[in-house]
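Participant: Below: sequence and its predicted model.
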Amino acid sequence: MLRKLALPLILLSLILAACSPSMQPTMILPTNATEAPPEIPEMTPFPTRPAYEPGHLVDYTAQSGDTLPALAARFNTSVEEILAANTFIPREATTMPPGMPMQIPIYYRALWGNPYQILPDAGFVNGPDAAAFDTAAFLAQQDGWLRNYSAWAFSGTRTAAAIIDYVAIQYSISPKLLIALLEYQSGACSVADLDEQLERNILGLESSYWTGVYLQLSYASNILNDAYYRYRQGDLLEFELADGSLVRPDPWQNAASVAMQYFFSEVEDVDGYLYAVGPDGFALTYANLFGDPWTIEPHIPGSLAQPAMQLPYKNDIGWAFTGGPHTAWGSMEPWAALDFAPPSEVTGCYPTSLQTAAVADGVVARVGDGLLVLDLDGDGDERTGWVVFYLHIAEKGRVAKGSVVSAGDPLGYPSCEGGRSTGTHIHIARKYNGEWMIADGVLPFVLSGWRPIRGDAQYKGWLVKDDVMVLANTNPDNKSTIPIDLE
């Protein structure tokens, strides 16, 4: 379905801190529509929920990636009440096993959104489901304009397939989702000719900078990830539609569906939003392209645990903790990354003789502009299993793709290369089966026993080990220096 609607005023602030994985200039978007919205076809009515009595036990089936704190936030209850109602769940449980039946005490909130689920979480991330997908081969079989599209992107003229795969791997969002979004908003796989004006804001994100397929996909991915991971943590509990009306996501919803709802709330008027998030909207477009997404296997198992990882350097000299939990890629959630800097008598971007190291055994699955991806399961595919993403590693002296390394082996030199950086350091984050893992979540990013705690803003926070706390500081001092091995 061809969609092009104006969206309300949006302001995304430029984050100024130790580093940013990608450039994110301030965006102020216009509010005035320049054309009448298209007529919306008749849509399938949404089911509704009753107004439950306070504390009423409702049936719930655990979904991939569910955690007790997030469920408590969504159902407006507490972890203690959920545990009391489900005595078989261990208090130390991390992720819930997909398909596990539960009962949850619910405290009703008004204005719940529709319960229709658009897409499973395993179809949102660039994970195992995308591992066998060939973007170029798929587009070659389509009749729409995307098949022959090319444009300047990331320092060269790129095909549509190259652009989609690049955005998918950087943000870790499924290329299938990105293609379906382009089709729904612009007929990319079915309409032969692309209108030049439509191309500028191809996904409906009105902007004077984020124009064309590459930048529109990047902008959309930033928004989608922010919504996905906020809901995953129980933080995205309400948002507004274009007319100012409030939507509170249905507590039974999954993160991917809420992320799609949030995106369409940003680019559609109310009628367009309601159509897009129902069974006749984006979900139908996706199914027509790729089949039923609900056959995809869940990507986050129950009781997920991080393998042992050590600090990303040889800890015989004190490095600085320069960045608490902050964005892994983009400018918003997920706050999956931490920053570390080698000791130096100077500030800014300086050469160093100290190298970053592998946090665990693995194989180097990808290298690029300042980046290195360490695959811990050894299959060389960062879409499966545990991987650790490193940024700001200098190209000179960096180990090659395909290198097999052991924990503690040098990988390369910290630098300012890749993304945007105010000083020499490294930025590291984790993924499991394509999902960014929140640095201070129920599965914390523990390195040599050091556990991160987020502050009140990106890059702020602490590392904690036993009774020692290290304060994150972009201008390193004694409080931000990590002690050498305490053992």
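Facilitator: Structure's in. What do you need? Here the structure is a predicted model, which means the values were calculated and not measured.
Participant: okay, now the domains of the protein?
Facilitator: As given by automatic domain parsing, the domain ranges for the chain are 11-31+114-295, 56-106, 320-480.
Participant: can you put those in a markdown table and add mean neighbour count, mean pLDDT and distance to P50?
Facilitator: Where C-beta positions appear, they are placed from N, C-alpha and C, glycine not excepted. Formatted as a markdown table, the entries for the domains of the chain read as follows, by neighbours: other CB atoms under 10 Å; pLDDT from 0 to 100; distance: least, CB to CB, whole Å:
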| stretch | mean neighbour count | mean pLDDT | distance to P50 |
| --- | --- | --- | --- |
| domain 11-31+114-295 | 20 | 90 | 12 |
| domain 56-106 | 17 | 97 | 9 |
| domain 320-480 | 20 | 96 | 30 |
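Participant: now those domains in a markdown table, with distance to T48?
Facilitator: As requested, the domains of the chain are exported to a markdown table (distance: least, CB to CB, whole Å):
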| stretch | distance to T48 |
| --- | --- |
| domain 11-31+114-295 | 8 |
| domain 56-106 | 14 |
| domain 320-480 | 30 |
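Participant: which one of these lies closest to P307?
Facilitator: Using CB to CB as the criterion, the shortest distance between P307 and the domains of the chain is 6.0 Å, found for domain 320-480.
Participant: Dihedrals phi and psi, the residue nearest to D381 when sequence neighbours are not counted?
Facilitator: The shortest distance from D381 to any non-neighbouring residue, by CB to CB, 6 or more residues apart in numbering, is to A131 (5.7 Å). Torsion angles at A131 (phi, psi; degrees, to the nearest 10) stand at phi -60, psi -30.
Participant: need the contact list for A131.
Facilitator: 381, 383-384 (CB atoms under 8 Å, 6 or more residues apart in numbering).
Participant: And L289, by the same measure?
Facilitator: L289 makes contacts with 176, 179-180, 183, 189, as judged by CB under 8 Å, 6+ apart.
Participant: Can you tell me the element the residue nearest to the spatial centre of the chain falls in?
Facilitator: By CA atoms, centre = their mean, the mean C-alpha position of the chain lies nearest to N225, the distance being 3.7 Å. Applying DSSP states H and E as the criterion places N225 in helix 212-232.
Participant: Skip ahead from that helix and say which helix or strand is next.
Facilitator: Counting by DSSP H and E, the next helix or strand C-terminal to helix 212-232 is strand 239-240.
Participant: Neighbouring strands - and their directions - for the very next helix or strand once past that next one?
Facilitator: Following the chain from strand 239-240 toward its C-terminal end, the next helix or strand by DSSP H and E is strand 246-247. Strand 246-247 sits in its sheet next to strand 239-240 (antiparallel), going by DSSP bridges.
Participant: who's in contact with the partner strand?
Facilitator: Counting contacts by CB under 8 Å, 6+ apart, the residues touching strand 239-240 from outside are 246-247, 261-262, 265.
Participant: Just the closest of those to A365, please.
Facilitator: Y262 (30.6 Å).
Participant: could you list every residue that touches the nearest residue to that closest one once chain neighbours are set aside?
Facilitator: Taking CB to CB, 6+ apart, and ignoring the residues beside it in sequence, Y262 has A227 as its nearest neighbour in space, at 3.7 Å. With contacts defined as CB under 8 Å, 6+ apart, A227 is in contact with 236, 258-259, 261-263.
Participant: got a list of what T424 touches?
Facilitator: 341-342, 344, 348-352, 392, 414-416.
Participant: If you could redo that for Y413, that was the one I meant.
Facilitator: 351-356, 393-394, 396-398.
Participant: can you check V442 too?
Facilitator: V442 sits in contact with 67-69, 94-95, where contact means CB under 8 Å, 6+ apart.
Participant: likewise A72?
Facilitator: Going by CB under 8 Å, 6+ apart, A72 touches 78-79, 81-82, 234.
Participant: Then D485?
Facilitator: If you count contacts by CB under 8 Å, 6+ apart, D485 has them with 315-316, 448.
Participant: Just those: which are in strands?
Facilitator: In strands, judged by DSSP state E, none of the contacts of D485 are found.
Participant: okay, the contacts of Y413 in TSV with secondary structure and distance to P101 next?
Facilitator: TSV is the format used below for the contacts of Y413 (DSSP: H, G, I helix; E, B strand; the rest coil; distance: CB to CB, whole Å):
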residue	secondary structure	distance to P101
P351	coil	58
T352	coil	54
S353	coil	57
L354	coil	52
Q355	coil	50
T356	strand	45
I393	strand	46
A394	coil	51
K396	coil	55
G397	coil	53
R398	coil	49
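Participant: Good, wrapping up.
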